[in-house]
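Participant: For reference, the sequence and a predicted model appear below.
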Amino acid sequence: MKRLLFLCTGNYYRSRFAEILFNRQAIERGLAWRADSRGLNPDPRNPGPISVHALAALEKLAISTEACQRLPLPATSEDFQVADYIVAVKHAEHHPLISTRFGNWLDRVEFWHVHDIDCATPDVALPHLQAEVLALVERLAAPTYAGGQ
């Protein structure tokens, strides 16, 4: 089983949504991939384990939110070591954090451009993130995918 790591700042909203959506798609498509997600700077003031916006979007997609009850987790070097594929959801926000704390892994990270709630409302950001996740699933499912980034 190959491992995908989604990164965002808090592991509360975007990366959690991406992880859960990806895992649902991977199961449905029979892909030998599973995603985890971590935060590069989790905020202990976030109320609860996952954003209400992420939960609502998952429920709208008929994806069970039962498995969403863990609290946000900070990224560690081990998370980078065990990942076969790494995605940070917003280049401008996450490149500096990864560069500072996990610089030796920077060349393995694919950066997307999905805004956080301070720059885009959930009804804009989450469909954008969903499209990115689904495109990644398609790439990984393609018979020509060689397993690298």
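Facilitator: Looks like it came in fine.
Participant: Run through the neighbouring helices and strands of the helix or strand hosting residue 35.
Facilitator: If you go by DSSP states H and E, residue 35 is part of strand 33-39. Applying 3 or more Cβ pairs under 8 Å, 6 or more residues apart in numbering; DSSP states H and E, one finds that strand 33-39 contacts strand 2-8, helix 14-29. All C-beta spots, glycine's among them, are computed from the backbone N, C-alpha and C.
Participant: For whichever helix or strand residue 93 is part of, buried residues please.
Facilitator: Assigned by DSSP H and E, residue 93 belongs to helix 91-102. By 16 or more other Cβ atoms under 10 Å, the buried positions in helix 91-102 come out as 93, 94, 97, 98, 102.
Participant: got it, and stretch 76-96?
Facilitator: Under the neighbour-count criterion of 16+ other Cβ under 10 Å, stretch 76-96 has 79, 80, 83, 85, 86, 87, 88, 89, 90, 93, 94 buried.
Participant: Contacts only, for the first one.
Facilitator: Meaning residue 79. By Cβ atoms under 8 Å, 6 or more residues apart in numbering, the contact set of residue 79 is 5, 36, 38.
Participant: remind me which residues of the chain are low pLDDT?
Facilitator: Applying pLDDT under 70 to the chain flags residues 145-149.
Participant: And the longest helix along it, what's buried?
Facilitator: Counting residues, the longest helix found in the chain (DSSP state H) is helix 122-141. By neighbour count on 16+ other Cβ under 10 Å, the buried set for helix 122-141 is 122, 125, 126, 128, 129, 130, 132, 133, 136, 137, 140.
Participant: Export those residues as JSON lines, with columns for distance to residue 62.
Facilitator: Listed next are these as JSON lines, based on distance: Cβ to Cβ, whole Å:
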{"residue": "122", "distance to residue 62": "18"}
{"residue": "125", "distance to residue 62": "20"}
{"residue": "126", "distance to residue 62": "15"}
{"residue": "128", "distance to residue 62": "20"}
{"residue": "129", "distance to residue 62": "17"}
{"residue": "130", "distance to residue 62": "13"}
{"residue": "132", "distance to residue 62": "20"}
{"residue": "133", "distance to residue 62": "16"}
{"residue": "136", "distance to residue 62": "20"}
{"residue": "137", "distance to residue 62": "17"}
{"residue": "140", "distance to residue 62": "22"}
